[in-house]
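S.K.: Using only what follows, build the 3D model:
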Amino acid sequence: MAPPPLILDRNGAVFERHTYRHDGLELVAWIIRPPGRGPFPLLVLNHGSGIEIGSDGALTDVSSRYAVDPENPAWARLAADGAFTLLPEGRGYGGSEGPSPLDAARGGHGTTFDMLVGRAYDANAAAAWACIRSDVDGAHCAIAGASHGGVVSLLAAALRPYSAVVAQATGAAYGRIEASVRPIANAAARITAPVLFQHMRTDTLVPPEGARTIFDWSSRFRPLQRWRDYPGTPGIEGHNIYHPANARQILPDYVEAIRAGFASAPSEPEDPPEQWTALDFLLPVTLRPDAQRWSGRFGDAGPDAMVALDGEQVVYSWKDQNSRGFREGTVTHHGDALSVEPWPGVSLRLEPLPGDALQATYEWRGQKSVARLDPTSGRHRVRPPAAQA
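M.R.: Modelled structure (predicted):
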């Protein structure tokens, strides 16, 4: 039997914690609403990954914490505008059944994306459940979220009608990795409702380029989608959009988008005239156009890889069917060979082969993968530059 709902009056708002079942899981959902009978317009709010990253790249799982704290007056402000806010605790989060978010992150981009798709279906199931209530005006329904929550909001709105979507600091992975960017962009292109993308330029954890890639694709077909980036605040991480200094910058556009959604009817998603089918390599904008480049594939299944040499710097770029990314590092010389550490604990060794090619050996946690990389044009030299005398 599901536990009885928790209902609290705090700071002028009513907080409710409920459980509901979807996809064989018992899930938790929070409600933050104004006092009174309503009906109130519905805002579905999706939380982030619940995984913190240290300066050494180590991941810490804080997903077991509830996303909502009724004792914090900031949460009560969600009800001040007369909205009925529904915040689903994603599968595996805050008392909801489901897989460990940290295990999903360690399982790779595909595993993480599958979890986010599941969260999107869960969010839509929670929205449908909420719309049955007499104090909810289901004809006026917006959805929003930050980081992983931005991805969940886009995926959910690609499946169910909403009147507005706000995706903030959106991305499915930390770093210069556009994880699952192709299916997310194709999903965003299905959304016919207005969509607002928001990102701080100072976001170093999930840089804005990935979300911008999604927007650049989906907005080709959906003129109601808008991109807004903000300067951020010196000394404050831009991914923390809820820090007061960052929130002051994004809040006016956010409030405008949500209020416009509450004044509009939900819009049915539909397939765009075109699907994004293949990814190009992602490279830093600072890479010289004449930098030497080699490309190839690790095994039959990939990923595809490109190495670019720019002086004493190496750019390692990779892509598969859905994701892509790159890392930069300083070379270490071993005679004719080079090595670089693109990520902590990862070794990439480059050795010359006949025909201007390179043998790339990628090693991580004692496992090795080897690929032949061929030059992408005739201007490349036979071998990497040797160490200077």
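
S.K.: residue nearest the centroid of the protein?
M.R.: residue 171 (1.7 Å; C-alpha atoms, centre = their mean).

S.K.: what helix or strand is that residue on?
M.R.: For residue 171, there is no enclosing helix or strand under DSSP states H and E.

S.K.: number of nearby residues for the closest residue in space to it that isn't next to it in sequence?
M.R.: Nearest residue to residue 171 in three dimensions, chain neighbours excluded: residue 206, at 3.7 Å (C-beta to C-beta, 6 or more residues apart in numbering). Yep, even glycine has a C-beta here, placed from its N, CA and C like the rest. For residue 206, the neighbour count with other C-beta atoms under 10 Å is 28.

S.K.: ok, residue 206 to residue 130 distance?
M.R.: 29 Å (C-beta to C-beta, to the nearest Å).

S.K.: ok, residue 95 touching residue 28?
M.R.: Yes - between residue 95 and residue 28 there is a contact under C-beta atoms under 8 Å: 4.3 Å.

S.K.: Tell me the buried residues in the lowest-mean-pLDDT helix or strand in the chain?
M.R.: Least confident element among the helices and strands of the chain, by mean pLDDT, DSSP states H and E: strand 59-61 (a mean of 74). For strand 59-61, a neighbour-count test (16 or more other C-beta atoms under 10 Å) marks residue 61 as buried.

S.K.: Going forward, the N-terminal residue is numbered 869.
M.R.: From this message on, residue numbering opens at 869, which makes the last subject strand 927-929.

S.K.: Who are the packing partners of that strand?
M.R.: Strand 927-929 sits against strand 919-921, helix 969-974, with contacts defined as 3 or more C-beta pairs under 8 Å, 6 or more residues apart in numbering; DSSP states H and E.

S.K.: and the longest helix belonging to the chain, C-alpha only, in PDB?
M.R.: With secondary structure taken from DSSP state H, the chain has its longest helix at helix 977-999. Taking C-alpha atoms only, helix 977-999 is exported to PDB below (Å, rounded to 0.1, in the frame of the first residue of the first chain):
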ATOM      1  CA  HIS A 977      25.900   8.100 -22.400                       C
ATOM      2  CA  GLY A 978      23.500   5.500 -23.700                       C
ATOM      3  CA  THR A 979      22.600   4.300 -20.300                       C
ATOM      4  CA  THR A 980      22.200   7.900 -19.000                       C
ATOM      5  CA  PHE A 981      20.000   8.800 -22.000                       C
ATOM      6  CA  ASP A 982      17.700   5.700 -21.400                       C
ATOM      7  CA  MET A 983      17.300   6.900 -17.800                       C
ATOM      8  CA  LEU A 984      16.400  10.400 -19.000                       C
ATOM      9  CA  VAL A 985      13.800   9.000 -21.500                       C
ATOM     10  CA  GLY A 986      12.300   7.000 -18.600                       C
ATOM     11  CA  ARG A 987      12.200  10.200 -16.500                       C
ATOM     12  CA  ALA A 988      10.400  12.000 -19.400                       C
ATOM     13  CA  TYR A 989       7.700   9.300 -19.500                       C
ATOM     14  CA  ASP A 990       7.400   9.500 -15.700                       C
ATOM     15  CA  ALA A 991       7.000  13.300 -15.800                       C
ATOM     16  CA  ASN A 992       4.200  13.000 -18.400                       C
ATOM     17  CA  ALA A 993       2.500  10.300 -16.300                       C
ATOM     18  CA  ALA A 994       2.700  12.600 -13.300                       C
ATOM     19  CA  ALA A 995       1.300  15.500 -15.300                       C
ATOM     20  CA  ALA A 996      -1.600  13.300 -16.400                       C
ATOM     21  CA  TRP A 997      -2.200  12.300 -12.800                       C
ATOM     22  CA  ALA A 998      -2.200  15.900 -11.700                       C
ATOM     23  CA  CYS A 999      -4.600  17.100 -14.400                       C
END
